[in-house]
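# Next one to model:
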Amino acid sequence: MMSICPQCGTEQRDILRCDVCGCSLTLQQEDHRTSSPLHWSDSSPDISSPFSGKFSIGPKHAVRKKTPPYLRKIRKVLSLKWADSSADFFTAILLIFHRNRKFVGGIAISIMILATFSVVSTVYPDMIPNIRSSESFPQCWTCPSGMEFRRIPVGSFVMGSPESEENRDDETPHYVTLTQPFYIGLYEVTQKEWESVMNQNLSTIFGDKYPVEQVSWNDCREFVKALNTRYRSKLDSQFGPGWEFALPTEAQWEYACRAGTTGPYAGDLDTMAWYGDNTLSSRPIGQKAPNAWGLYDMHGNVCEWCQDWRDTYPSDGVSDPTGPDSGSSRVIRGGSWNSHAWGCRSARRRHSHPAYRYDSVGLRLVIRPMAQHDPSQADHDERP
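Next up is the predicted model:
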């Protein structure tokens, strides 16, 4: 006849000592007619055990199932080296895991999957290109050519200017939201960086650290294409497939120039810019103070080509604007060494034919997610 241990609820053949919890209490035999254990004998001595009290996993916790034989063997081995109370406690933990093995197994498998996914995405980022969040990208990145870029976060701002700003022209204020982060050059492209890719330099004021000028929008497009070809593997390894060098959109440029400000300038103009009141020519990059986002010469030194065809501003809010699909002139932003102060305002717009070159116009690059449709990067040249 089988017996039930009231402490741990297991069936026993030995009525003098429980094989699992080890208690030496007198076990009462099971009434096979009712399949329920009998009560403890009043004469049973009081011996404490981790299976009792708050650690109880006895009959009231539905443990009438037979304890697995391997747990009984483990309990016996542990009792040879440990005190009975320690062996009982450890065996109880194992019993809980055994009875919830499906749940515990699911957690273990999930942890293994997540660990494997993390290792693969770190060691082989190209294998999982679409799971990288923007937060995983660095705040700054230096291209092998030496160009330095800073990450610009997503956000919204009022593009354009109020009527109170001096000499404004077609600067209708409207709300713009940029939903994709991008990187923008800390400095204007230098003559050294340009010449290393294009093997020519048409600038009027020479110097490795001077901004390149006398470059048309078409020239800038060829420069961008060459960079994307040369550094494709670097871009893919750093940002994942689908990122590219490009000229900034007009909205990206003004958003980066303002750096959270709303006035005509992103700071004190004389402190931040080389313009008509303090210089007679372009100067080496980075000599004036940067804006709040660490970008230099946004208000002066040389103007900068943008991606967009020139068009009038909308009056309603827009998201990620890229300008019209066609036009006759490309947008130019920022002030230059020969600009009046009002021509250096954050909202100031210029435009010119994409084949024209000027000694006061250069460029600044961005790194961005590749556009699905970018009419500005057409293969044909635009000429007068």
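
# got the domain boundaries for the chain?
Per automatic domain parsing, the structural domains of the chain span 3-99, 135-377.

# what's the average pLDDT for the last one?
Here the mean pLDDT over domain 135-377 is 94, rounded to a whole number.

# Offset the numbering so it begins at 134, please.
Renumbered: residue one is now 134, and that last one reads domain 268-510.

# and the domains of the chain, which is most packed in?
domain 268-510 (a mean of 18; mean count of other C-beta atoms under 10 Å). Glycine gets a C-beta too; all of them are placed from N, C-alpha and C.

# Which of the domains of the chain sits closest to Ala248?
Nearest to Ala248, of all those, is domain 268-510, at 17.3 Å by C-beta to C-beta.

# Pipe the domains of the chain into TSV and attach distance to Ile242 per row.
Formatted as TSV, the entries for those read as follows, by distance: least, C-beta to C-beta, whole Å:
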stretch	distance to Ile242
domain 136-232	15
domain 268-510	25
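
# out of the ones you listed, which comes closest to Ile240?
domain 136-232 (10.8 Å).

# With respect to Thr249, which of the domains of the chain lies nearest?
So among the domains of the chain, domain 268-510 is nearest, using C-beta to C-beta, at 18.0 Å.

# In contact with the nearest residue in space to Phe282 that is not next to it in sequence, which residues are there?
Take Phe282 and drop its neighbours on the chain: the residue closest to it by C-beta to C-beta, 6 or more residues apart in numbering is Tyr316, 3.9 Å away. Residues in contact with Tyr316, defined by C-beta atoms under 8 Å, 6 or more residues apart in numbering, are 274, 282-285, 499-501.

# Would you format those residues as TSV with secondary structure and distance to Asp369 included?
Below are the contacts of Tyr316 laid out as TSV (DSSP: H, G, I helix; E, B strand; the rest coil; distance: C-beta to C-beta, whole Å):
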residue	secondary structure	distance to Asp369
Trp274	strand	13
Phe282	strand	16
Arg283	strand	20
Arg284	strand	17
Ile285	strand	21
Val499	strand	17
Ile500	strand	12
Arg501	strand	14
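
# I'd like these written out as CSV, with distance to Gly476 added.
CSV is the format used below for the contacts of Tyr316 (distance: C-beta to C-beta, whole Å):
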residue, distance to Gly476
Trp274, 31
Phe282, 26
Arg283, 25
Arg284, 29
Ile285, 24
Val499, 23
Ile500, 28
Arg501, 27
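
# For Thr395, state which of those residues is nearest.
Among the contacts of Tyr316, and counting by C-beta to C-beta, the member closest to Thr395 is Ile285, at 17.0 Å.

# Go ahead and confirm the closest one touches Gly318.
No: applying C-beta atoms under 8 Å as the test, Ile285 and Gly318 come out as separate, 10.9 Å apart.
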